[in-house]
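Peer 1: Need coordinates for the following:
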Amino acid sequence: MKKEDKNEKLVCSNKRASFDYFLSDFLEVGIVLVGTEIKSLREGHGSLSESYVYFKNGEAYISGFNISTYKQGNIFNHDPLRNKKLLMHRLEILRFSQAVERKGYTVVATKCYISGGRAKLQIALAKGKNTFDKRETLKKKEAERRVEAYVKTNSKY
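Peer 2: Sure thing, here's the model as predicted:
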């Protein structure tokens, strides 16, 4: 993964995805948006919580990506839950769609950000976790919190 750019602005992230799925093969893709959608994203109004990527006729689309309506928009404002086309290379679409069909993966969006004036999505192949896997994730997070709290209270600074 590349270093964080200083001119990138994080719009929204899908924290639930890393809890519910084992994530692998991250990829940065572009999104086809209308005017009021990009204005709303620049203001930070977006939610990836129930979004997923699907493939149709050799193209990739994202469904469930909620971009709130633009407040200063008029009658030409966009539908907040419309399906948006993703900009991917043909071989990337083929690789991801074959993984979904053959290996039982799904493709989820992990974060949305503005980079160089353009909206970008980070998508990943995801394999579902079982209940005991989720419990292990919670145990690790709790252990990390305890260690950080201990270090914070017992530091000599």
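
Peer 1: Can you say which helix or strand has the residue nearest to the spatial centre of the chain in it?
Peer 2: Taking C-alpha atoms, centre = their mean, the centroid of the chain lies closest to Thr110, which sits 2.3 Å from it. Using DSSP states H and E, Thr110 sits in strand 106-115.

Peer 1: With just CA atoms, put the next helix or strand after that strand into CSV.
Peer 2: The element immediately downstream of strand 106-115 (helix or strand, assigned by DSSP H and E) is strand 118-128. Taking Å, rounded to 0.1, in the frame of the first residue of the first chain, the C-alpha atoms of strand 118-128 are listed here in CSV:
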residue,chain,number,x,y,z
ARG,A,118,-11.0,13.2,-7.5
ALA,A,119,-13.1,10.8,-5.4
LYS,A,120,-11.4,7.5,-4.9
LEU,A,121,-12.6,4.2,-3.2
GLN,A,122,-10.4,1.6,-1.6
ILE,A,123,-12.0,-1.8,-2.2
ALA,A,124,-10.9,-5.2,-0.9
LEU,A,125,-11.7,-8.9,-1.4
ALA,A,126,-13.4,-10.1,1.7
LYS,A,127,-14.0,-13.5,3.2
GLY,A,128,-16.6,-13.8,6.0
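
Peer 1: tell me the mean pLDDT over strand 118-128?
Peer 2: Average pLDDT, strand 118-128: 90.

Peer 1: ok, residues contacting it?
Peer 2: 11, 17, 20-31, 33, 38, 41, 53, 62, 86, 96, 99, 104-114 (C-beta atoms under 8 Å, 6 or more residues apart in numbering). Glycine gets a C-beta too; all of them are placed from N, C-alpha and C.

Peer 1: now the helix or strand just after that strand: how far from the chain's centre is it?
Peer 2: As assigned by DSSP H and E, the chain's next helix or strand after strand 118-128 is helix 131-154. Relative to the chain's own centre, helix 131-154 is displaced by 24 Å; criterion: C-alpha atoms, centre = their mean, to the nearest Å.
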